[in-house]
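**Student:** No letters, just coordinates:
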């Protein structure tokens, strides 16, 4: 039997609670003393860039840390969907500085491609 191939498009965004309680300690100052943090859920800072939108069949992952796998349903979603390989595309900052392909991804065959900075 031939395995069915399909493509699933995941879009990852960073979103935080307005209170800043889910923000890393080194960023909390951006959410304190009445400040409105830069990536509050529903704000322009947490939106996808112009020209990129969530379409029917896409899956959006809202993350609060560097990894889209930390404290999100992404890992179980991929397992339940039977995904065995990933192609990751991210901006250069994410790929080089944050190490987007973390040890969490050892479970899948991963191909990573860096795009130009936005």
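**Tutor:** Great, that's in hand. Owing to the predicted nature of the structure, the values given are computational and were not obtained by experimental measurement.
**Student:** Quick one: the helices in the chain, in order.
**Tutor:** Secondary structure of the chain, counting by DSSP state H: helices at 74-80, 92.
**Student:** per-residue confidence averaged over the last one?
**Tutor:** Summarised as a single mean, pLDDT over helix 92 is 50.
**Student:** One more: stretch 75-82?
**Tutor:** For stretch 75-82, the per-residue pLDDT averages 86.
**Student:** residues of it that come out buried?
**Tutor:** Residues of stretch 75-82 classed as buried by neighbour count (16 or more other Cβ atoms under 10 Å): residue 78. Where you see a C-beta, it was placed from the backbone N, CA and C, and this is true even at glycine.
**Student:** and stretch 65-82, how far apart are its ends?
**Tutor:** 25 Å (Cα to Cα, to the nearest Å).
**Student:** can you tell me which residues contact residue 73?
**Tutor:** Contact analysis of residue 73 by Cβ atoms under 8 Å, 6 or more residues apart in numbering lists residue 61.
**Student:** how close does it get to residue 40?
**Tutor:** To residue 40, residue 73 is 21 Å away according to Cβ to Cβ, to the nearest Å.
**Student:** same thing with residue 84?
**Tutor:** For residue 84 relative to residue 40 (Cβ to Cβ), the value is 35 Å.
**Student:** Look at the two and report which has more neighbours.
**Tutor:** Using other Cβ atoms under 10 Å, the more surrounded residue of residue 84 and residue 40 is residue 40, with 17 against 11.
**Student:** distance of the nearest residue to the more buried one once chain neighbours are set aside from residue 68?
**Tutor:** Sequence neighbours aside, residue 18 is the residue nearest to residue 40 in space, at 5.1 Å (criterion: Cβ to Cβ, 6 or more residues apart in numbering). Distance, residue 18 to residue 68, by Cβ to Cβ: 21 Å.
**Student:** Residue 84 now?
**Tutor:** From residue 84 across to residue 68, the span is 18 Å (Cβ to Cβ).
**Student:** go on, residue 85?
**Tutor:** Distance of residue 85 to residue 68, computed by Cβ to Cβ: 16 Å.
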